[in-house]
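Visitor: model the following, please.
(3 chains)
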Amino acid sequence: MNHLLTLTELSIEEILALLDEAEQFARGSHWHIQTPGFVANLFFEPSTRTKCSFEVAERKLGLHVIPFDVETSSVQKGETLYDTIRTLESIGVQAVVIRHPEDRYFEPLRHSVGIPIINAGDGCGHHPTQSLLDLLTIRQEFDTFRGLTIAIVGDIRHSRVARSNAEVLTRLGATVLFSSPEQWKDDTNPYGTYVDLDTAVREADVVMLLRIQHERHGEKMGLTKAQYHEQYGLTIAREQMMKPKSIILHPAPVNRDVEIASNLVECERSRIFKQMENGVYVRMAVLKRALQAKEGGINNGYYFKKWSFA
Amino acid sequence: MNHLLTLTELSIEEILALLDEAEQFARGSHWHIQTPGFVANLFFEPSTRTKCSFEVAERKLGLHVIPFDVETSSVQKGETLYDTIRTLESIGVQAVVIRHPEDRYFEPLRHSVGIPIINAGDGCGHHPTQSLLDLLTIRQEFDTFRGLTIAIVGDIRHSRVARSNAEVLTRLGATVLFSSPEQWKDDTNPYGTYVDLDTAVREADVVMLLRIQHERHGEKMGLTKAQYHEQYGLTIAREQMMKPKSIILHPAPVNRDVEIASNLVECERSRIFKQMENGVYVRMAVLKRALQAKEGGINNGYYFKKWSFA
Amino acid sequence: MNHLLTLTELSIEEILALLDEAEQFARGSHWHIQTPGFVANLFFEPSTRTKCSFEVAERKLGLHVIPFDVETSSVQKGETLYDTIRTLESIGVQAVVIRHPEDRYFEPLRHSVGIPIINAGDGCGHHPTQSLLDLLTIRQEFDTFRGLTIAIVGDIRHSRVARSNAEVLTRLGATVLFSSPEQWKDDTNPYGTYVDLDTAVREADVVMLLRIQHERHGEKMGLTKAQYHEQYGLTIAREQMMKPKSIILHPAPVNRDVEIASNLVECERSRIFKQMENGVYVRMAVLKRALQAKEGGINNGYYFKKWSFA
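Guide: Numbering: from 1, shown residues only, chains lettered A, B, ... in the order given. Model (predicted):
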């Protein structure tokens, strides 16, 4: 079963194969599921941006997307996630994309469900398609990861992206720098070295800004938005310290003039909207991988042979 | 106009024709509407499960499903259901699937609207596609209804399924047993005989469990979940009393370890997920019947010739 | 960029070209976008009716509609409308349909976004596709606008439709009469002459009723529904004063027996449901115009060349 749950559990070879596939889609390659193919997007935490990106990817592969309304679903009546997925499988859904507030919600499911799960974010854990789109964007720029310096800047502690990106980038041969306000450092993440922001900006090939997750974090630190921006954000002055070919990434949505100066959002160095575009291609690659591995359709006789008391 | 409002108003021949059609779909037969065809699902009571099943059925027939958001619709501003359906008809929708909290909401509509209505549940009344999928699942197992004993177990009084299934099964030649806590007996339903649960389980070819409709029903009876399960549920001990070829049905979502032991949900006798799969096929059959009868598309000159004061 | 923001900024020639195109669609003509094409409908004010009509139009043109849930979107976290549209553009969306509570929300966007915006209603401002469908319905009846008398009746002051229809009808050579309770007159709208309701009804070729926007408006005036209907509504008695070939329009949803007698909603003169049908055709025409002008797809290198500090 070709789930995509975390990047950590994929080998370098599997990650690069996904990036190669995504790059083919970026260059206009096509792949279509045998019709009719069905998927469902189960977003137990809302995320219009990620959901829209999956929707485009799914339709480009010729898939029908079955609308699944979490608010009115039986999950609200206490149905287990397992039963929900088994139900969708029964009616012909061939893969599910899930975002869920609980860390590693997928553990009890990975060996029991009959269709692949694509993790679109679990709690404070992983968000593998976000990591993949970051990787694709970096590779498009530098052709390799080996020898690059990547600065991850901002709320390291609460970011799904910081941990999984740092781990995989290190594995791919890059050097990771962290830069963060004192309160947001994460001692449990061994894959980077903390430096001050100006050093990070000066040394990095890629300045990867993190989104302030909760709108009031800055205020809790006793800083105005302008003060936060000046101390911890990518100001126009800092952008000018960057190396000539260095680029800027941000997972969006951007808090303009907080993490990054509004005027820099679409500057020459910014790959922010390019990341979003690449998101569609990596999701196409991940879905293709999941669906190819799933052989055949629903097996009518399958469901009631799993367990017997007789 | 080939509405599907209740099974009661269909003849045995019509019911069997729908089951035959559904069986064809189950075996891989295809039928496609002339493109573009449009339907809308109007769920005034939420039901993700039934809606998803209709969505899959509709798309398998090549239909476009127009999202209709009940919360923001003009119905909330006092628009009549008639005007809503006429509006959808005007913009090209060829059939509507409706779930509505009011019993027999369809009576004022059945002779006035210009497109077929498929009833996906009305109040405490009918849920004909649920009944059809139960019938299809039974027939796949036993090839006939004549001579079978069907035990309907649980909240008989509040169940849409109990009344309509008991009536149609009786008409098809089966014997219906009811088993229910005293408070949930339904004296107005003449199509079954009440027996105790152990007798029902022992004699039935089909044990049709009903869902506890309201989560707190059990508590109102002063029973814990475990007590309810022991007294009124299909326990593992009771499953062992069943006849060798008897099967278990449940309309889902299942309250595990309440109506049925969790370990029995996917046991050899269980057809619970198979019912869900069959739901798609019977809905395809019902939609095909509705759309074939509807001749032509929108008639431009039609609407304003219905009534005149001149 | 072929936005459609207001009719006021279109020339007579452009308006007539859209009506001609819509008429072709009404007569069964087809036009399909190169697949896969994507649009998104951003309804920051709910309107099931208008949204369903756009959905049908979009699918008839072969477009994929990416569901966009305003409630859970990043706009709620303070993302600008510009960034939202740029995001959609990045993932491959080729046009956006927007309804927004703010008057002229589109001004900061019209020269900055890279995909066409179709205005589906802004604040108390414009609703150009509603105006176009009214024009199409009138022209189907009378072949011209020149010399016609159009009575716009009801809540002139709060109606998006009253202002834009009066302006464009005057430009097209029609004479506009207004009839309204004293409180709802609009001194800032110079495109019509106020007359009493009986005069308006007697002289008009087209009686264009407006919807009471806020359900309690009538009550605020100290009138029951019946009193409002008698004084300011199209009663059966007034319908009989109309000229033989005059017709009735209403943007719907209709408050039956308030703005119009319930029995008149589908009378011979009524074009109310025909307007809804025409809504699909004008929206197809508007979408075709927008999408034809947009050349090529996403340009991978485009986004980060807009601004540079270097």
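
Visitor: quick one, strands of chain A?
Guide: Per DSSP state E, chain A has strands spanning A:37-43, A:63-66, A:95-100, A:117-122, A:149-153, A:175-179, A:193-194, A:206-209, A:247-249. These are given in chain order.

Visitor: make a markdown table out of those strands and add mean neighbour count, distance to residue A:266 and mean pLDDT.
Guide: Heads up, the C-betas are built off the backbone N, CA and C, glycines and all. As requested, the strands of chain A are arranged in a markdown table below (neighbours: other CB atoms under 10 Å in any protein chain shown; distance: least, CB to CB, whole Å; pLDDT from 0 to 100):
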| stretch | mean neighbour count | distance to residue A:266 | mean pLDDT |
| --- | --- | --- | --- |
| strand A:37-43 | 23 | 28 | 96 |
| strand A:63-66 | 22 | 30 | 96 |
| strand A:95-100 | 24 | 28 | 97 |
| strand A:117-122 | 24 | 26 | 96 |
| strand A:149-153 | 25 | 19 | 98 |
| strand A:175-179 | 22 | 23 | 98 |
| strand A:193-194 | 13 | 30 | 98 |
| strand A:206-209 | 26 | 14 | 98 |
| strand A:247-249 | 25 | 10 | 98 |
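
Visitor: kindly reformat these as TSV containing distance to residue B:80.
Guide: Shown next, in TSV, are the strands of chain A (distance: least, CB to CB, whole Å):
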stretch	distance to residue B:80
strand A:37-43	33
strand A:63-66	30
strand A:95-100	38
strand A:117-122	40
strand A:149-153	57
strand A:175-179	61
strand A:193-194	65
strand A:206-209	53
strand A:247-249	53
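
Visitor: and the residue of the stretch 1-150 of chain A closest to chain C?
Guide: In the stretch 1-150 of chain A, no residue comes nearer to chain C than residue A:46, which is 3.1 Å away by CB to the nearest CB.

Visitor: neighbours around the closest residue to that residue other than its chain neighbours, how many?
Guide: The spatially closest residue to residue A:46, leaving aside those adjacent along the chain, is residue C:72, at 3.1 Å (CB to CB, 6 or more residues apart in numbering or on different chains). Look at residue C:72: counted by other CB atoms under 10 Å in any protein chain shown, it has 16 neighbours.

Visitor: and residue A:60, by the same measure?
Guide: Residue A:60 is flanked by 22 other residues according to other CB under 10 Å.

Visitor: one more: residue A:272?
Guide: Residue A:272 has 28 nearby residues by other CB under 10 Å.

Visitor: mind listing what it touches?
Guide: With contact set as CB atoms under 8 Å, 6 or more residues apart in numbering or on different chains, residue A:272 has these partners: A:248-250, A:252, A:254, A:265-266, C:303.

Visitor: among those, find the lowest-pLDDT one for me.
Guide: Per-residue confidence across the contacts of residue A:272 is lowest for residue C:303, with 34 (pLDDT).

Visitor: nearest the geometric middle of chain A, what residue?
Guide: Residue closest to the mean C-alpha point of chain A, counted by CA atoms, centre = their mean, is residue A:130 at 2.1 Å.

Visitor: residue A:132 reaches residue A:7, doesn't it?
Guide: Yes. Using CB atoms under 8 Å, residue A:132 makes contact with residue A:7 at a distance of 7.2 Å.

Visitor: ok, the two, which is more surrounded?
Guide: Using other CB under 10 Å, the more surrounded residue of residue A:132 and residue A:7 is residue A:132, with 27 against 23.

Visitor: against residue A:273, how distant is the more buried one?
Guide: Note on residue A:132: its distance to residue A:273, by CB to CB, to the nearest Å, is 17 Å.

Visitor: tell me where the stretch 201-310 of chain A has helices.
Guide: For the stretch 201-310 of chain A, the helices defined by DSSP state H, counting those that start in this stretch cover A:217-220, A:225-232, A:236-239, A:272-293.

Visitor: span of stretch A:63-83 from start to end?
Guide: 23 Å (CA to CA, to the nearest Å).

Visitor: off-centre distance for that stretch?
Guide: How far stretch A:63-83 lies from its chain's middle: 22 Å, per CA atoms, centre = their mean, to the nearest Å.

Visitor: near chain C, which residues of the stretch 201-310 of chain A are found?
Guide: Counting by CB under 8 Å from any CB of the partner chain, the positions of the stretch 201-310 of chain A adjacent to chain C are A:215, A:236, A:239-240, A:252-256, A:263-274, A:276-277, A:279-280.

Visitor: of those, buried ones?
Guide: A:239, A:252-256, A:264-267, A:269-274, A:276-277, A:279-280 (16 or more other CB atoms under 10 Å in any protein chain shown).

Visitor: care to break chain A down by domain?
Guide: Residue ranges of the domains in chain A are recorded as A:12-126+A:275-293, A:128-271, according to the TED database.

Visitor: low-confidence stretches in chain A?
Guide: Applying pLDDT under 70 to chain A flags residues A:214-219, A:294-310.

Visitor: which residue does it bring closest to chain B?
Guide: Of all residues in chain A, residue A:72 sits closest to chain B, at 3.1 Å by CB to the nearest CB.
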